[in-house]
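>>> Predicted model and sequence follow; I will ask about them next.
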Amino acid sequence: MNLLPFIEWTASTSLNHALTASPWAFAVTESIHLLALSVLGGAVLIVDLRLLGFGLRTHTIEEIAREAQPWFLGSWVVIVTTGVLLFVSEPQKLYFSAPFAVKMWCLLLGTIFALTVRRKVTLAGEGRVNPIWLKLVALVSLALWFGVGAGGRWIGFTG
Amino acid sequence: MSLLPFCQWLADTSGSIALHESLFMYPLVESTHVLTLCLFLGMAVMFDLRLLGLTLTRVPITEFKRRLGPWMVAGFVVMVITGVLLFYAIPVRSYQSIFFRVKSVALILAGLNAWIFHATIDCKVAEWDLAPVPPPAARRAGATSLVLWAVIVVTGRMIAYNWFDCDKQPQPHVVNVVAGCVVPPAGGR
């Protein structure tokens, strides 16, 4: 599938022109993107640490996961919205960026994983899932979100 | 007292030059600095939200601190080390960055806020440890912390932009004063 026509269309939208015309737009959008990253990181880590057997061990995995979920989803929406704006600002650069591709695949997999396997495992109830699986789920989750973050940071160092 | 001569001396040390000009080391240090936000600030945000009674309301405050405090401290240590290295790589420009200066002030205020929290309402934590919504003083500390850290993250990101750099003149007088730019008098040269 050739995405180039879509990329070129994105670059020709008035949103792209508005974002690139303002010297502040990109910087402000990226700052909000980073703030949401902090919240998302906290919401992901607090659950994954618990799955690994660290953190709030005196409370059930289910409780931690339920409490963290709204903050995860909320920050996800903010980070993806600002992310779309950042993409619209420089579609051609990102289309040819390898770190961006890594980031997008990790984001897709990380999100699907969080809403399916990880959600199922965290809400399964005490003792229903082998601790090895809990740890494995946490490690996969951490690896995927790390890929998103590291890929995102590395976009800025290339191209 | 100006720290500019010190920063200029620091910029000429071989370590600073090596880090500044390195192909991978600088990006690696900066990435570590940014990604550790998730660990340090992520945990701090969750704690502040707990102080505001917005999440994990059934987890006692002391429990939260005991179990997650060490992770936060570890993240903070990494943040400080990588932050110092970033400054070490680019001392003069950072020192004269308006954003770096605002960030430094906000960092001090955040430290002060944390200290006041520990010295006052946190001393009586036994009285409100289990409260789903902590008392006003604790909520204020949580909210203040969230605002200050948001300022720190945003100004930290903005250091990368050169809008107000000293070598980009003319700048408004107030910018030159706040950034500590050494500007030749108008009409000179």
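Ah, there it is. Residues are numbered from 1 along each chain as shown, chains lettered A, B, ... in the order given.

>>> where's the residue of chain A found nearest chain B, which helix or strand?
Closest to chain B within chain A is residue A:41: 2.4 Å, counting by C-beta to the nearest C-beta. For glycine as for every other residue, the C-beta is placed from the backbone atoms N, C-alpha and C. Assigned by DSSP states H and E, residue A:41 falls within helix A:25-51.

>>> quick one: buried residues of that helix?
Within helix A:25-51, the residues that count as buried by 16 or more other C-beta atoms under 10 Å in any protein chain shown are A:26, A:29-51.

>>> Leaving out sequence neighbours, find the closest residue to residue A:125.
Nearest non-adjacent residue to residue A:125, counting by C-beta to C-beta, 6 or more residues apart in numbering or on different chains: residue A:62, 6.3 Å away.

>>> which helices and strands does the helix or strand encompassing the one you found pack with?
Using DSSP H and E, the element containing residue A:62 is helix A:61-89. Helices and strands touching helix A:61-89, by 3 or more C-beta pairs under 8 Å, 6 or more residues apart in numbering or on different chains; DSSP states H and E, are helix A:14-21, helix A:25-51, helix A:117-122, helix B:25-51.

>>> quick one, which of those helices is nearest to residue A:88?
Of all those, it is helix A:14-21 that lies closest to residue A:88, at 5.2 Å by C-beta to C-beta.

>>> Report the buried residues of that closest one.
Within helix A:14-21, judged by 16+ other C-beta under 10 Å, the buried ones are A:16, A:19.

>>> Mind giving me the packing neighbours of it?
By 3+ C-beta pairs under 8 Å, 6+ apart, helix A:14-21 packs against helix A:25-51, helix A:61-89.

>>> got a markdown table for those, with mean pLDDT too?
Formatted as a markdown table, those follow (pLDDT from 0 to 100):
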| stretch | mean pLDDT |
| --- | --- |
| helix A:25-51 | 95 |
| helix A:61-89 | 96 |
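
>>> looking at these, which is closest to residue B:178?
Of these, the one closest to residue B:178 (C-beta to C-beta) turns out to be helix A:25-51, at 18.4 Å.

>>> can you map out the helices along chain B?
B:4-11, B:14-21, B:25-51, B:61-89, B:91-95, B:98-119, B:125-128, B:136-158, B:173-179 (DSSP state H).

>>> okay, these in CSV with distance to chain A next?
Shown next, in CSV, are those (distance: least, C-beta to the nearest C-beta, whole Å):
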stretch, distance to chain A
helix B:4-11, 22
helix B:14-21, 14
helix B:25-51, 2
helix B:61-89, 5
helix B:91-95, 17
helix B:98-119, 10
helix B:125-128, 17
helix B:136-158, 4
helix B:173-179, 15
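
>>> highest average neighbour count across these?
Mean neighbours per residue, mean count of other C-beta atoms under 10 Å in any protein chain shown, is largest over the helices of chain B for helix B:25-51, with a mean of 22.

>>> follow-up on the earlier one: give me the number of residues near the residue nearest to residue A:125?
By the criterion of other C-beta atoms under 10 Å in any protein chain shown, residue A:62 has 15 neighbours.

>>> As a quick check, tell me the outermost residue of chain A.
residue A:127 (29.0 Å; C-alpha atoms, centre = their mean).

>>> ok, back up a step: just checking, which helix or strand succeeds the helix holding residue A:62 along the chain?
By DSSP H and E, the next helix or strand past helix A:61-89 is helix A:91-95.

>>> picking up where we left off before, now the angle between helix A:25-51 and the helix holding residue A:62, please.
Here helix A:61-89 runs at an angle of 160 degrees relative to helix A:25-51 (axes from the mean of the first three to the mean of the last three C-alpha atoms, to 10 degrees).

>>> Return the set of buried residues in helix A:61-89.
A:61, A:64-65, A:67-69, A:71-72, A:75-76, A:78-79, A:82-83, A:85-89.

>>> ditto for stretch A:122-136
Buried, per 16+ other C-beta under 10 Å, within stretch A:122-136: A:122, A:129, A:134.

>>> close enough to count as contact, the first one and residue A:46?
In other words, residue A:122. No - the pair residue A:122 / residue A:46 is not scored as a contact, 11.3 Å apart, by C-beta atoms under 8 Å.

>>> where do the contact lists of the two overlap?
With contacts defined as C-beta atoms under 8 Å, 6 or more residues apart in numbering or on different chains, the residues adjacent to both residue A:122 and residue A:46 are residue A:64.

>>> which residues does residue B:87 contact?
residue B:94.

>>> That'll do, ta.
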